[in-house]
Every structure is written in structure tokens, then in C-alpha cells.
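S.K.: Sequence and predicted structure, then a few things I'm wondering about:
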Number of protein chains: 2
Amino acid sequence: MADQYTSMENLRFLLHDVHQVSDILDHERFVDYDVDGINIMLDAAKDVADKELFPYFAEMDEKPVRYEDGKVIVHPQIKRFIEVGAENGWIGSWFDYDQGGMQMPQMLYGSIFHILDSANNNVAGYIGLTSGAANLIRNFGSQELYDTYVPNMLAGKWMGTMALTEPQAGSSLSDIKTTAYPQADGSYKIKGQKIFISGGDHQYADNFVHLTLARIEGAPQGTKGISLFVVPKNLPSGEYNDVFTAGDFQKMGQKGYATTHLVYGENDNCTGWLVGKPHNGLRYMFQMMNEARLSVGSSATAVATAAYHASLQYAKERPQGRPLTSSGKKNVDKGQTFIINHPDVRRMLLLQKAVVEGAHSLLLECAKIGDLESMTEGEEHDNLHLLLEILTPIAKTYPSEMGRISISNGLQILGGYGFCTDFPLQQYYRDIRIMSLYEGTTGIQSLDLLGRKVTMQGGKALQLLMAEMTKTIQEATTFDDLKKYANILTEKLELTQQVLQYLLKFAMEGDYSRFLADATMFMEYASTLVIAWQWLKQAIVAKKALVTGNMTFDSTFYESKIHTMKFFFKYEVPKTSGLSQILMDDEVLTIVEEKELIV
Amino acid sequence: MADQYTSMENLRFLLHDVHQVSDILDHERFVDYDVDGINIMLDAAKDVADKELFPYFAEMDEKPVRYEDGKVIVHPQIKRFIEVGAENGWIGSWFDYDQGGMQMPQMLYGSIFHILDSANNNVAGYIGLTSGAANLIRNFGSQELYDTYVPNMLAGKWMGTMALTEPQAGSSLSDIKTTAYPQADGSYKIKGQKIFISGGDHQYADNFVHLTLARIEGAPQGTKGISLFVVPKNLPSGEYNDVFTAGDFQKMGQKGYATTHLVYGENDNCTGWLVGKPHNGLRYMFQMMNEARLSVGSSATAVATAAYHASLQYAKERPQGRPLTSSGKKNVDKGQTFIINHPDVRRMLLLQKAVVEGAHSLLLECAKIGDLESMTEGEEHDNLHLLLEILTPIAKTYPSEMGRISISNGLQILGGYGFCTDFPLQQYYRDIRIMSLYEGTTGIQSLDLLGRKVTMQGGKALQLLMAEMTKTIQEATTFDDLKKYANILTEKLELTQQVLQYLLKFAMEGDYSRFLADATMFMEYASTLVIAWQWLKQAIVAKKALVTGNMTFDSTFYESKIHTMKFFFKYEVPKTSGLSQILMDDEVLTIVEEKELIV
């Protein structure tokens, strides 16, 4: 059996049957796309991933990115991948045709990147960030900036980055210090340092276009004084622009992906160009940030998916031990059984499947909302936007957090081998750990969810989400076999109202510390129910296929979906009982008091 | 501030105040030990750890054990540590004086190893396993075997190992194939392979004494046909004994600790000597295995302790962000706050503290029971033995599983830096992952707990444990401030009765698959309550100190203990609500059925 890192069947099921990409293909923007064409493009991506990405996955870990004499050296296959990415139009996938793009739906773009990331999560970011940076210039920059930079970026000749983080500020962007000094010609001299710049430098691009947050000299304090600049490593003329790569962070995972430290204007000779208006940089960046967050959730899902398939394959092929007899003893006269037949191994596999396919479904839900948002106007558009706003922090966090736990279970299935570098599980385990930190940590996402998204517009985003969930519950109730699970979710939505009533009281009293102290617990609570909703959705579609006999895959595929939904409701949903207790507990233990109570 | 990897204050609090090592010092065996002497020995161990272990922790990771031309090459500091270990008598710590030992209580021995492991978990195993192997020979081997091997082992000249696992059998010891062929002189020719042999070979010992499980030719199938042999790498004469080191497993963590693959009798010239009686090998090995399991729990606790102190130090020194104002906005006019003041960071720190100090307390509880067991006879002895039997799988598993989660929280506190090799969190995160696999995976421990320990002697071990917990609850109830938590634990013990009633029904019906299918969930459930018990114990002692003013440490130390107990009851104990729902759920989803429901 060849190594498998994702399931094309599952991807097609989610894309076509559950989230019905066909719904959006009627739109004139997507007129060139149809179901068959999409499947062909996915198969083409799988072919690239099989040949150009997956075979280099372990090697990129063994021979990490390194920094030598001011240069970042990445694996040679990165060069090849950037070429292939450009050839396939993946860098400009969502750009208009007349901009050299592919006018792809996000649902398709996201599915292609799922395949690439599950094959090798070191690689897709190089073009993904380039795409995002180009998009920022497209949306907010001048035509001149666009013409100067974007065509070379979409062609894979120049790479793009997002440069936000600084050593002294971390997640606290209001404290960034990089400064932009206005020049007579309308450009700026840039001075400062940025760290953790993914894909920030390497030997296979002629230039790096850093979309950089900085303060214009004299700008207001805090986030309201932050502007966005295009700061290339080299000027369009090819002359060096005084952006020095001071190092590459050595990491425990994703070792094939460069993470650089940039120093701007060491020789006072670094020029940047303002994107859009002064002091609006954070707002612009956050448009890209939301996409970046979904993309982290997608990568986390992809890594955990690859781990699931690796441990599933091992569990099916590894003979060890025997099933228990009725006396509780092992029958040594019989041959060994495959470990997939041990209940604890099966539980761990089902957990992996429940997490990765649940998360994957949520990401496609988000992609579809994004596509629909771009096709609609007025209230419909605004509602879709709100829905995406509330789902984004969940879609980033759930796969990052639970994906990590699912991979740990996968590693456990391999026993001691799971810890050894001969098998890929340990690499997936290390790689995914960054996902809870990228683009806003879990703590930041949780503050965003509870402190901003739940309360925005008087709770409207939350109401829209509840309405969507209720629609699914109602449909599930029409199937006798699914009623039980629909009822559980209904009860949990009622519990959610209680939890929020309890918490919002503090917000209304102005006690924001108290309101938000356990935001991370609320994230775990809410995301578990959102994934339960996605599983109910999948189960409805599977049930319909079984009932009508209108099946694309064999019946086991659909039965397995229903089985995994049941697993999620039995083994994961009960977590919310304990979490709701924590959230409604009166005791205050984590808010700073006068006395330091940690020693 | 110097890097801290454990708290000597906490160690003394647990050893002297909570678990009262003084109780056992009256016994004639320990007549040379008193409280002051113990503190001096602990400080001496700390001094060794500071100078000889901690400074090499990162380096052993960067320059891992390697295998070259049939030889295993470990870090040069291993040589120094083995010398120091022998000089300090740590290899023979629990041996009698007339055997060249130290007659140390387990409580002291365990505390010394806690310090060594928290400083550098790559190292202590080299002497720990030698100690355990020597003890097996002492307990079950002939005087001749003892005289031939043990003195050189206690002196650190020869190393010892446990050789159980084989490539085709893994955890399923009944399937081992290594064979012992009887020879005319009473010795055996050994032939077979063993994998994952910790400390199995390196350049700094003259010999390796492998305590090896094998089947005597023609022995019965299964575990009843397994015997234990001493198989040295070299014969006592110095002649090579045909035990070839075929490789060193490369791992994602504990890279300074050799993990070898041994091939016995490639040239049909490997001699072994039977330990004790034929076919009793597994029983003998399991005496050592129980100690080894406690020792894994202790190492896991130590690694997670070191991670806690690293992230605590970072959180106290790292300024970032601002406390929330009453409007929920950040006040940018104020300076940055230290991140320890953010509730979510504080929650993660308290989780770490709650896990590591709770686990540490349990391990000292076990060590004390072990000491008392060795000092008593008759029913008292038997009861202590039963209590230790039921606590051992928990004391191995809880620190391994929750220690990993606590370290993940610690890594998260450092943000992006947590993922980088400049900081130790990522190393702790990788290192601890092996603990859930060593000496019986979490799945195996859970089957042991529910399938054997809970049911043994009609549930007597469980009754004894419940009685101990009830004693603590009753004492806690005498303090108004602790009553609430005592009541929570009482309710949870009642819930436990319900859970067990539900599960034991299946055992009584002979449906062992069903009884044990969710054993791992039961482990998580039961271990959470056992740690809650240990926290209540600590809180009682802290409360007494505060009330009486009879304090060894400053009052904040004790207040912090009570605070952390409250944290554990608020944030960890509620998990058991969801877990009990899972355990009493009628739906059967992980027991193998005819149809494969995982795709």
C-alpha cells in the first residue's frame, strides 16, 4: 500500500456533497468551473503533491533551513515547487483573469492547498504568503505599486511576506516600533526589526516583498498609529534596499520553512512605500490576517489529516496482541490480530478521524461563506460576513489545538515507533505545534471570539450561527437515527445561552477582566459544538445517500461517516459539561491580585 | 535570575510536611537518616545537577547519541555522570550496607532522582536501569550471579538493562521469540533480537548486563513460558559474548539517551544464565517493572516540573501587552505589563503547577507506601501492597499524559519563542512524549488499572484507596475554607461508585471487551480524582501552617498551595463530569464489528 496522506474521497464528499460547491458555480465569476473540472484540478494537485512534495517531507526535516553568512538556504525542492505553483496558477488563484489570475472559488483554492499541505506542510506557505501579500497590494495599494510588484509575485519570481511581529511586542501589535520617515518623493525611509517572518528570505527568489507594519514618525500611539508599507529586499532596479536578514530561527518543527529575522535600514538606506492611507495599516493587514487565520486552520487540519492516514495505515498492517476472550484473558493459541481491532486503538483512530474530518468540514463551510460573500450584496452579504467573522477564530483554533491532540493519539498508536524518526508521526507532532501560535495564539483567538465576535452588533453574528446550527438540527430530526444527536445539540445550544448569560453579565457591568478571563475555555466549549454541528451535517448527507441509494462511494464510506458522528457525540461533546461548569464557576483564580500567588 | 528547573522548597514541603518522611526514619533500616541529613543529601544532589547535568541538557539534544560501525557513541558527560552517580552511592542507594548499598528510603531515592531528572532527563536512566537490573539479580538470582555481576554494576563499571521488547511483539510480551537453548553446564545459548533497549550500549562502560526475557526451548506458549536470563555483552572474562548492537533508534526527544537494537547469538555464541526458576521470568520482571513504572512517572513529573519553572521565569520577566481596562480596551498610555498578569497566561501557569506538584505529591505518596511496605508484615503489609498496586498505573500515567499537556501550555506561554530551539520548552515538549509509551503504554496501564487492579481481591485495593481518600476528606472538612472542596471530592467518589457499578456489570456478564473498551477514559477519570486528593492533602498541610503560624517557608508559599488546590478543583475536576458520561454511555463504537467502519 502506497503511503497515503489524505483521502480524495473525503475531500470530494465534503466539497461536493456536504458543502455543495455547485451552489456557487452559477455565478458569472466562476463560469469556467464545473464539478468535473474541479475534480480534474484536484487530481492534478494530488499528482503534484505525490511527486513534488510528499517525497521530500522527511528530508526537509532532516536537512532544515539554515542561515549562512547573511543568507538563508532552503531545500532545493522549494525552487521546483515555486515553479510548479506558478505554472499551475496557484499563486494568483483568486485573482481576476485580467490580473493574470485564475478567478478560483475559495472552496477550490482551499481544497488544493489542503492537498499540498497534507503532503508537505513546509512548502505551501512560500506561495501562500506571496499570494496574500500580492492581494494586499491589489486591494489597498496604488496602481503603480501593483504594476511594480504583483506580476512578478504571481509569476513566482518574487516572493511576498507579512512582517508584523517585533521582538519587544510579540502579539501586542500596539507596541511595534518600526518607524517610517517621510521623504520628499512621497516614499519613506524604514528603520526597525521584524521577527518570525515566514518565508522571509531564501536563495530561490530574486526579491522579497515585505508587507510591513510601521509607524510614521509622530503617529499616534497604539494600533491607530500603524501604517502598512511595501518594503522590498531589493529595489525594482535590483539595487539592495538595506533589508538585512539577520538570522533564521531554528525550530522544533516545520524545519523546511524559513522563519527569518529582518533588520530594516541598518545603513539608513531602506525605502518603503505606503499602502493605502496612513494609520490604516492594521485594518488592511487584518483583511489578510483573517485569510491567514483560515489558512493556518487549514494547514493544521492538513497536517493532522496526514497523521491520521499514517496511523490508520499502521494500525491496519501491524499485527500485535489478541482480542480479549470472555474471561478477560488473551487467547495465545490464536494468531495475533491487527491492532486496529483493539478498542483503545480504534478509539484513538476514530478520535483522529472525528477531529480532522470535522475540522475540514468547518473550513469548507468557511470557504463557501467567503465565496458567497463575494457574490452577494446588502443584508445577505453583511450576514455572511458576520457569520465568517465569528467562525474564523474557531476555524483557526480548533484544528490547531485538537489537531495536535489527534496527532498525539496517532503517535501513540505506533507505540515506541511513534517516537522514532523512522516514522512520520513524530514529525507531524512537532510540525503542528506551531499552528496554535501562528497568526494570533489560541489565547488571542479566544479573546477575539468571546470579546469581539460574540458581542458584535448586539450578538448578531452569534444569532446567525445559532440559526445555521438550528437549521441542521431540524433537518437531522427528520431521520429517526439522527434524532438523538440532534436533541443533544439542541440541549447544548440551550446550555450555551446559560453560559453566555452568565458571562455577559460581567461585560455589562464593565468587568471585562472577569468576562474574558476564561475565554480560552469558552473557545474549547464553543468549537466542540461547532464541530458537532459539522458532523451532524455530514451525517445527514451520508444518511440520505444510504437511504436513496444515490451513492458516489461505497456504502461503508457513508456508514463510517455516521459512525464517526456518533463517536464525536459520545466522546467529544461531553467535554462541554465540564467546560460549562468552569465557565459558570464563581471562583476567581486567574485575575491578577496584589499578591503573587504563583511560586 | 539563574535558570531554575525545580523548586527545592516544594520538594521539602512534599517530603517533610505533606508525606512526613520522618514517619519511616524510626525503622532500624533507616537509622542513619534524619531530616537534616536528608536535606543535606538533597542539596548535594542539587549541586551535582546544577554543575554536571543541567548545563549539558540542550547540548545532548543538539548532539544526539549516534551509532557508528557497530558502536553507540553518547555524550562525554555521561561518563562523568556515571562516576558521580557511583561515588554518591546512587546506583546502590536502596541496597543493604553489607551489599555495598546505602539503605536509602525510596522517598529519598525518589527525591534525588527527581532533582537529577528535572535537570537533565537524558541521563539518570543510565544508572537507574543499572540499579534496577542489579536489584533483579539480588532478588531472584543465585549468589554466584550476584557476586559475578552486581559489585561491578553498583560501582558504575558495568551497566544494566531490561531487555523485553521484540520487533514482532511490542507490548504483547506473550509473543516474544528470543530462545534459550539449555547447555550441559547449566547455562543457555541465547538467540533472538530485542529493540528499544534503553542505555543498551555506549563507550563508557566495560560491560552491559542485559536482564533478558526469553523462552527456554520447548517452553509453554504465552507468558507462562517466559524465563529471565542474565546475558552480558562480554563474558566476565572479558571475552565478547555475541550480543551485537545493531543500531540506535533515532528519536524526536531524549536524544541523549541511547535506545538500542540488540542481536543475540548471531554467531551462535551467546551465553545466558537463568535467573531464578524457569518460566517465572515475567513475574520477576514485573517486580522491576512496577518500580520502573513509578520511575517513568517520576521522570515525567520532573520534565514537566522543569518546563513549569522555565515558563514561570519567562512569564515573570517578559513585558508584553497591558491589563484590560473596564471598557475592555487596552490602555496604551501605560507601560507594558509582565505577561504573568494576563489571566490566560496565569491560567496556563497554574495548570502547570497544579499538574506537576499534584503528580509529585502522588509519587511521594507511592514512595512512602513502598517504604512502609518494606517495614511491615502481615495484613498491614498486604494492604500497603494492594494500595501501591492500584496507585502504580495512575502514578505512571497521570504525569506522562497531563505532564505533556502542562508542557504544551508552558510552551504556549512563550509564544513563537516556545517553538524555537533558543528556549528549552520545545525540548521538554519533545522529551516527555516518550513517557506515555515507556514501560507499558497508557492503554496498557489503563487495562491494568481497570481490568486488574480495580477488581483484584474483590475490589479490596480500591476500597483501601477510597478509605485513604475519605480520611483526607474528613480532615479537610474540619477547615471551613476547605469544606467546599472536600464536599466536591465526596460527590465525585459517589459518582465513581455509579461508574464502576455500570462497568462491572459487563465484567460479571463475561463481556470483558465491553468492560475494558473505555479503560483509558477511566484512567483519565480516576487519575484526576486521585490528584484532587493529593491537592486536598497539600491544602490541609498549608492551611495548618497558616493557622498555627508554624511555617518553614513564607506565607505566600502556603497561600499559593491553597490557591492551586482551588484551581485544580475549578479547572480540572469538572472533566470528570464528561468522562463519567462517556463511561456510562450505552453506545458501543470502538469494539470490532464485522464491518470495518474506519476509512
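M.R.: All right, it came through fine.
S.K.: residue boundaries of the helices in the stretch 1-150 of chain A?
M.R.: Secondary structure of the stretch 1-150 of chain A (DSSP state H, counting those that start in this stretch): helices at A:8-12, A:22-25, A:35-48, A:57-62, A:77-87, A:106-119, A:124-140, A:143-154.
S.K.: quick one, which of the ones you listed is nearest to chain B?
M.R.: Taking CB to the nearest CB, helix A:8-12 is the member of the helices of the stretch 1-150 of chain A nearest to chain B, at 7.6 Å. C-beta here means a position set from N, CA and C on the backbone, and glycine is covered the same way.
S.K.: Pick the most deeply packed of the helices of the stretch 1-150 of chain A.
M.R.: helix A:106-119 (a mean of 26; mean count of other CB atoms under 10 Å in any protein chain shown).
S.K.: Okay, angle between that one and helix A:77-87 too, please.
M.R.: Counting by axes from the mean of the first three to the mean of the last three CA atoms, to 10 degrees, helix A:106-119 points 160 degrees away from the direction of helix A:77-87.
S.K.: Does anything pack onto helix A:106-119? Which helices or strands?
M.R.: Here helix A:106-119 is seen to pack against helix A:8-12, helix A:35-48, helix A:124-140, helix A:281-317, helix A:343-375 when contacts are counted using 3 or more CB pairs under 8 Å, 6 or more residues apart in numbering or on different chains; DSSP states H and E.
S.K.: For these, give me JSON lines that also has distance to residue A:219 and mean pLDDT.
M.R.: Below are the helices and strands packed on helix A:106-119 laid out as JSON lines (distance: least, CB to CB, whole Å; pLDDT from 0 to 100):
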{"stretch": "helix A:8-12", "distance to residue A:219": "46", "mean pLDDT": "98"}
{"stretch": "helix A:35-48", "distance to residue A:219": "43", "mean pLDDT": "97"}
{"stretch": "helix A:124-140", "distance to residue A:219": "17", "mean pLDDT": "95"}
{"stretch": "helix A:281-317", "distance to residue A:219": "10", "mean pLDDT": "95"}
{"stretch": "helix A:343-375", "distance to residue A:219": "32", "mean pLDDT": "97"}
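S.K.: Residue A:339 and residue A:413: what is the separation?
M.R.: When distance is defined by CB to CB, to the nearest Å, residue A:339 is 7 Å away from residue A:413.
S.K.: can you list residues touching both of those two?
M.R.: Residues touching both residue A:339 and residue A:413 (CB atoms under 8 Å, 6 or more residues apart in numbering or on different chains) are A:314, A:315, A:345.
S.K.: These: which ones sit near chain B?
M.R.: residue A:345 (CB under 8 Å from any CB of the partner chain).
S.K.: tell me which of the shared contacts of residue A:339 and residue A:413 is nearest to chain B?
M.R.: residue A:345 (7.4 Å).
S.K.: what's near enough to touch the closest one?
M.R.: A:315, A:339, A:413, B:443.
S.K.: Out of the residues you listed, list just those in helices.
M.R.: Using DSSP state H, the subset of these located in helices is A:315, A:413, B:443.
S.K.: ok, the first one - contacts?
M.R.: By that I understand residue A:315. For residue A:315, the contacting residues are A:338, A:339, A:340, A:345, A:349, A:413, by CB under 8 Å, 6+ apart.
S.K.: Distance of it relative to residue B:354?
M.R.: 34 Å.
S.K.: just the last one next, same as before
M.R.: Residue B:443 is 25 Å from residue B:354, where distance means CB to CB.
S.K.: wait, residue A:344 sits on residue B:519?
M.R.: Yes - assessed by CB atoms under 8 Å, residue A:344 is found in contact with residue B:519 at 6.9 Å.
S.K.: Next, show the common contact partners of the two.
M.R.: Counting by CB under 8 Å, 6+ apart, the contacts common to residue A:344 and residue B:519 are B:443, B:446, B:447.
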